[in-house]
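S.K.: return atomic coordinates for the entry below.
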Amino acid sequence: MRSTENISVLCVGQDNLFADLPGCAVDHVPTGTTITPLGTRSKGLVRRFPAIVARVCSGKYDLIVLPAIDFRWAYDDTFTKRAVRRIVSAVLRFRPISACVNRLLSRRATRVIVLDRYDSHETLADYLRCVTCARYYFKTNLRETDNNRTYTITKGRECQFKFLPYWIAIENYQGHGRPDKEIDVFFAGAVNSEQRRVAIDRVRRLESEGFRIKIVEGHLPFAEYLSLMSRSWLTLSPQGYGYNGFRHYESMLVGSVPVINLPDPPIVHDFRHGRNCFLYSPAGEDLTQVIKDALSDKSRLLRLAAGLPEFVVGQHSMRAVGSYLLREALADRDGGSEEISDAESAATGDSRYSSSLFDQCAVTPAAGRRGGT
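M.R.: Down below sits the predicted model:
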């Protein structure tokens, strides 16, 4: 594997996951307003765009990161977004054009990967058939049965599915942790799934048993939301449109232990019952007992909560996810070498962003995932 001063990355998407990684030179092409709470957007694209195109054409990038595009997405909120999606879909589906685009993206030794952050468990096979140069397809909410599965796009073209960790802008949550707790269970947010409706109704019944419950059905101002969460022992975090959500990690960053339903169907994740969260059954039958057991030992909750920010920073910050993607996408570059070049080591070797928890992601049957203490 060739050794260079920097790994050169072109990141197309809402967030720049590779910003400020040591040994990594990145160009970011934003695709719209990010869904990441208080995430920032790159500036100066118009000025940099000609140089970016020139680097793509000359094969100067080591890695090109593309967003997955759901051609059938029906929730664009403006005419412009709907029109752009239709145009991109039509262009990529036209084989002569898509063939040229794929040859351009994969010039020389450039590695191309796709990031899928959609809530759905399904991989976007129709999009992959248009982006035949993609080597890896990273997805949140990835079914366990799809993890590390090789997908044949066309004859002679294969792509491997891999787990994509959810990421969060950690700098927005500094200084919000509080040791004094006055709420037992907190939830605030839209009730947009049956799992949430059932979970909220079950938790509300605990008020009659003397538990301090704070439920807000709807959105709060961000500062008030974090203040209430930081004053809570537990944060109820049932899945909404998808299994992953920012609330899981927001609560960890402010010192409130999340209570999360097990995924159904089983997906790849790194939640551990009694270690970084509390997990309950998908239907919620055991939810109240899980909460009672957790609240029975407050000193244990304090110890658990104290380590949660480090877990999020090390595994779900933008920097940690960018480091993980570099490691996974480039480890076998140039003939399958197992050694990472000096530049790649610099970009991915920071011990604060180790791969240990990613290597231990849950890929076991759902019934066996609540064993940790």
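S.K.: secondary structure class of residue 137, three-state.
M.R.: strand (DSSP: H, G, I helix; E, B strand; the rest coil).
S.K.: so what pairs up with it in the strands?
M.R.: residue 114, residue 161 (DSSP bridges).
S.K.: give me the neighbour count for it.
M.R.: 27 (other Cβ atoms under 10 Å). Just so you know, the C-beta spots here come from the backbone N, C-alpha and C atoms, and that holds for glycine as well.
S.K.: check contacts around it.
M.R.: 68, 113-114, 116, 123, 128, 151, 159-162 (Cβ atoms under 8 Å, 6 or more residues apart in numbering).
S.K.: what ranges do the strands span in the stretch 101-250 of the chain?
M.R.: Along the stretch 101-250 of the chain, counting by DSSP state E, counting those that start in this stretch, strands occupy 111-116, 134-139, 150-154, 157-163, 183-189, 213-217, 232-236.
S.K.: was I right about residue 89 contacting residue 71?
M.R.: Yes - Residue 89 is within contact range of residue 71, at 4.2 Å (criterion: Cβ atoms under 8 Å).
S.K.: and the two? Which one has more around it.
M.R.: Using other Cβ under 10 Å, the more surrounded residue of residue 89 and residue 71 is residue 89, with 18 against 15.
S.K.: next, that one: secondary structure please.
M.R.: Going by three-state DSSP: residue 89 is helix.
S.K.: how many neighbouring residues does residue 202 have?
M.R.: Other residues close to residue 202 by other Cβ under 10 Å number 18.
S.K.: what sits closest to it if chain neighbours are left out?
M.R.: residue 287 (5.1 Å; Cβ to Cβ, 6 or more residues apart in numbering).
S.K.: how about residue 304?
M.R.: Nearest residue to residue 304, sequence neighbours excluded (Cβ to Cβ, 6+ apart): residue 257, at 5.7 Å.
S.K.: number of nearby residues for the one you found?
M.R.: Counted with other Cβ under 10 Å, residues neighbouring residue 257 total 24.
S.K.: how near is it to residue 185?
M.R.: 10 Å (Cβ to Cβ, to the nearest Å).
S.K.: so what sits against both of those two?
M.R.: Applying Cβ under 8 Å, 6+ apart, one finds that residue 257 and residue 185 are jointly contacted by 233-235.
S.K.: what is the nearest of those to residue 34?
M.R.: residue 235 (22.7 Å; Cβ to Cβ).
S.K.: per-residue pLDDT, that closest one?
M.R.: In this model, residue 235 is scored at 98, pLDDT.
S.K.: which non-adjacent residue is nearest it?
M.R.: residue 251 is the one closest to residue 235 (Cβ to Cβ, 6+ apart), at 3.7 Å.
S.K.: still on that earlier bit, pretty sure the residue nearest to residue 304 is touching residue 236, no?
M.R.: No - look at residue 257 against residue 236 with Cβ under 8 Å: they stay out of range, at 10.6 Å.
S.K.: how about the residue nearest to residue 304, what does it touch?
M.R.: With the criterion set at Cβ under 8 Å, 6+ apart, residue 257 makes contact with 233-235, 251, 277-278, 294, 301, 304-305, 308.
S.K.: residue 308 versus that one, what's the distance?
M.R.: Taking Cβ to Cβ, one finds residue 257 at 7 Å from residue 308.
S.K.: shared neighbours of the two, which are they?
M.R.: Common neighbours of residue 257 and residue 308 (criterion: Cβ under 8 Å, 6+ apart): residue 251.
S.K.: for this structure, which helix is longest?
M.R.: In the chain, assigned by DSSP state H, the helix with the most residues is helix 298-315.
S.K.: and the next element down the chain from that helix?
M.R.: Using DSSP states H and E, the helix or strand that follows helix 298-315 in sequence is helix 318-330.
S.K.: pull out the buried positions in that following helix.
M.R.: 318-330 (16 or more other Cβ atoms under 10 Å).
S.K.: ditto for stretch 189-208
M.R.: For stretch 189-208, by 16+ other Cβ under 10 Å, it's 189, 191, 195-196, 198-200, 202-203, 206.
S.K.: cool, stretch 297-307 as well?
M.R.: 301, 304-305.
S.K.: what segments of the stretch 51-200 of the chain are helices?
M.R.: 79-93, 95-105, 125-128, 194-204 (DSSP state H, counting those that start in this stretch).
S.K.: make JSON lines out of these and add distance to residue 170.
M.R.: Putting the helices of the stretch 51-200 of the chain into JSON lines (distance: least, Cβ to Cβ, whole Å) gives the following:
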{"stretch": "helix 79-93", "distance to residue 170": "28"}
{"stretch": "helix 95-105", "distance to residue 170": "31"}
{"stretch": "helix 125-128", "distance to residue 170": "30"}
{"stretch": "helix 194-204", "distance to residue 170": "25"}
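S.K.: now the contacts of residue 137 as TSV including pLDDT, neighbour count and distance to residue 29?
M.R.: Formatted as TSV, the contacts of residue 137 follow (pLDDT from 0 to 100; neighbours: other Cβ atoms under 10 Å; distance: Cβ to Cβ, whole Å):
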residue	pLDDT	neighbour count	distance to residue 29
68	94	20	15
113	97	24	15
114	97	26	15
116	96	22	17
123	94	21	23
128	93	20	20
151	94	16	26
159	95	23	22
160	96	17	24
161	97	23	24
162	97	21	22
